[in-house]
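Engineer: I'll drop the sequence and a predicted model, then ask my questions.
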Amino acid sequence: MYNTNEEQYRHKYCGYNKNITLYLIEFSISITSKRMAICVGNNKKNHVCTIISKTQLCHGTFDYVVDFPIQPKPGQFIHILCGEGVLLRRPMSVCDYSDNRLRFVFDVRGEGTKRLAKHNVGDKLDILGPLGTGFNIDKKGSGTPIVIGGGIGIFPLYLTSKQLGSNVESILGFKTKDLVIMEQDFKSVCSKVHVCTDDGSYLSCGLVTDLFKERLKQGDITSVYACGPNAMMKAVAKISKEYNIFCELSLEQRMGCGIGACAVCVCKIAGQYKKVCQNGPVFNAKEVDFDE
Ligand SMILES: Cc1cc2nc3c(=O)[nH]c(=O)nc-3n(C[C@H](O)[C@H](O)[C@H](O)COP(=O)(O)OP(=O)(O)OC[C@H]3O[C@@H](n4cnc5c(N)ncnc54)[C@H](O)[C@@H]3O)c2cc1C
Ligand code: FES
């Protein structure tokens, strides 16, 4: 039935079968324990963290700060138990970290994030992490580094910008003016912040890639760090390749276990299937196969 092992693997783990796999993982977790504590190695363990602050940034977007004992790298993520009735953890990027305080920002999308948004200051959250690889800040080169984010993809880029140095620039894309958030945060750490909206209701009208192409004309950009919808990252990867600029992408893949045990998150990277939670979520743009 299958020509190669690879085809068999792809059939097993991709497309609609991911939803079945996610359901099976959730089911097996539910019969094992209601609050499963996963400990894998020293830095992959769960922490019970107190919510120190909670702010609503715009409709359906919440900004949480929790106490957290480990300094994460920019681009790493945490895996959160959202609360009663949601047994599978949900991945969230590290947005900021200092003085044992970790900030993450999230959009309410479905049951998990809806439940997460119901927590209040003083509540405890069970958080696994930090997980995954981070961005390679040391590859930024001698020119200007730039971060490019679309929608929820801007969140991992704040700590990344902070660590890239004072000459870093950012390009941030939102659907509409009402959804523009964290502009002041980025202004406080970037030498320039370029904002665009899909409908032109705030600052530039159009896509982040339009601003990126325009900015590249100055000839000083040596590295790109991006996160956002697949179509955006595919375009950023293509442009960076044309200009021969170092480019890393943080993939927003659906996840199950978050620690390399279930294969729900596999993506084709450099011709091989890799687990985004373990081998990523950050990959070199040249290696990501967006057509899989
Ligand atoms: C490494 C990583 C970091 C992330 N960081 C953030 C973050 O900082 N802030 C944030 O708001 N979100 C982030 N996400 C996405 C977030 O994990 C999902 O939005 C969340 O898991 C949805 O859970 P839910 O139960 O609310 O929705 P579900 O009921 O599971 O799904 C609701 C909708 O959201 C879509 N969705 C589910 N998972 C993802 C995903 N991984 N990416 C894109 N769409 C998804 C589904 O297709 C569906 O349409 C991240 C994802 C990954 C993989
Ligand atoms: S989410 Fe389970 S292997 Fe990546």
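Structural biologist: Sure thing, it's come through. No experiment lies behind these values; they were computed from the predicted model shown. Ligands and ions are numbered 1, 2, ... in the order given.

Engineer: Please make it C-alpha for all contacts and neighbour counts, starting now.
Structural biologist: OK.

Engineer: Surely I51 touches K118?
Structural biologist: No - the criterion here is CA atoms under 8 Å, and I51 misses it with K118 at 11.8 Å.

Engineer: more neighbours, those two?
Structural biologist: I51 (21 against 9; other CA atoms under 10 Å).

Engineer: any idea how far K124 is from that one?
Structural biologist: 6 Å (CA to CA, to the nearest Å).

Engineer: repeat for K140
Structural biologist: According to CA to CA, K140 stands 37 Å off from K124.

Engineer: who's more crowded, those two?
Structural biologist: Set K140 next to K124 and count neighbours by other CA under 10 Å: K140 wins out with 22 against 17.

Engineer: next SSE after the lengthiest strand in the chain?
Structural biologist: In terms of residue count, the longest strand belonging to the chain (DSSP state E) is strand 45-58. Using DSSP states H and E, the helix or strand that follows strand 45-58 in sequence is strand 61-67.

Engineer: Sheet partners, orientation included, of the very next helix or strand once past that following strand?
Structural biologist: Going down the chain from strand 61-67, the next helix or strand is strand 77-81, by DSSP H and E. Paired neighbours of strand 77-81 in the sheet (DSSP bridges): strand 90-93 (antiparallel), strand 124-131 (antiparallel).

Engineer: okay if I get the ones you listed as TSV plus mean pLDDT and distance to ligand 2?
Structural biologist: Below are the strands paired with strand 77-81 laid out as TSV (pLDDT from 0 to 100; distance: least, CA to the nearest ligand atom, whole Å):
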stretch	mean pLDDT	distance to ligand 2
strand 90-93	98	9
strand 124-131	97	11
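
Engineer: Select, out of those, the one closest to ligand 1.
Structural biologist: strand 90-93 (3.5 Å; CA to the nearest ligand atom).

Engineer: partners of the residue nearest to D67 when sequence neighbours are not counted in the sheet?
Structural biologist: Closest residue to D67 apart from its sequence neighbours, by CA to CA, 6 or more residues apart in numbering: R101 at 4.6 Å. With DSSP bridges as the criterion, R101 is bridged to D67, S98.
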